[in-house]
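Novice: Sharing a model that was predicted from the sequence below.
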Amino acid sequence: MAQFSRIPRDADLLLVGSSGGHLAQLLALRSWYRDWGRCWVTFDTPDACSLLRDEEVVWAHHPTTRNLWNLARNAVLALRLFRQRRFAAVVTTGAGVAVPFVALARLRRIPTVYIEVSDRIDTRTLTARLCRPFLSAMLVQSEEQRRLYPGATVVGHLL
């Protein structure tokens, strides 16, 4: 994907997303990231374990939706991960698990890319609203979504 061409290739990608549909949309980018070193952050659920069985995964704490305790726990997880590794970029489709990783990445001057999930065309997601100030790039999958996110780049549907 041309939108990612500016991401430096001297470190790994950090791919962050909730399990289920968020994870499926990140996996749809496989042809783009297959040659990168990468680390995933998601939830320890049966679908994520199966889909990422051959990948490096850091299991995040859930639920995250409006759960301040798990937000704090995931922020500590993000701090540890950023201290241990160097990442070229953080790419996420949300949901709540993304917030501390995006915010901390931006504070460390790591490029941050948010891809809004395809099923949200009437309202902006809470996670996108929280992450937007910290983003290097906001990507959407349809023209309808661009109306919700002025300045976003339409990349087309991932699934």
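Specialist: The structure has been received and is ready for your questions.

Novice: Going by secondary structure, the residue sitting nearest the centre point of the chain is in what exactly?
Specialist: Nearest to the mean C-alpha position of the chain, counting by CA atoms, centre = their mean, stands Thr92 at 1.1 Å. Per DSSP states H and E: Thr92 is located in strand 87-94.

Novice: Who does that strand pair with, and is each partner parallel or antiparallel?
Specialist: As defined by DSSP bridges, the strand partners of strand 87-94 come to strand 12-17 (parallel), strand 112-115 (parallel).

Novice: In TSV: those, plus mean pLDDT and mean neighbour count.
Specialist: Backbone N, C-alpha and C define where each C-beta goes, glycine included. What follows is the strands paired with strand 87-94, written out as TSV (pLDDT from 0 to 100; neighbours: other CB atoms under 10 Å):
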stretch	mean pLDDT	mean neighbour count
strand 12-17	97	24
strand 112-115	96	25
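
Novice: could I get the ones you listed as TSV with distance to Gln141?
Specialist: Compiled in TSV, these are given as follows (distance: least, CB to CB, whole Å):
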stretch	distance to Gln141
strand 12-17	14
strand 112-115	7
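
Novice: What segments of this structure are helices?
Specialist: Secondary structure of the chain (DSSP state H): helices at 21-27, 30-33, 46-51, 68-84, 98-107, 126-131, 143-148.

Novice: closest one to Leu77 among the strands paired with strand 87-94?
Specialist: strand 12-17 (10.6 Å; CB to CB).

Novice: before we move on, the earlier item: which residues does the residue nearest to the centre of the chain contact?
Specialist: Thr92 is in contact with 15-17, 26, 98, 101-102, 112-115, 131, counting by CB atoms under 8 Å, 6 or more residues apart in numbering.

Novice: Out of these, which comes closest to His157?
Specialist: The nearest member of those to His157, counting by CB to CB, is Ile115 at 10.9 Å.

Novice: out of everything not next to it in sequence, what's closest to the closest one?
Specialist: Sequence neighbours aside, Leu139 is the residue nearest to Ile115 in space, at 4.5 Å (criterion: CB to CB, 6 or more residues apart in numbering).
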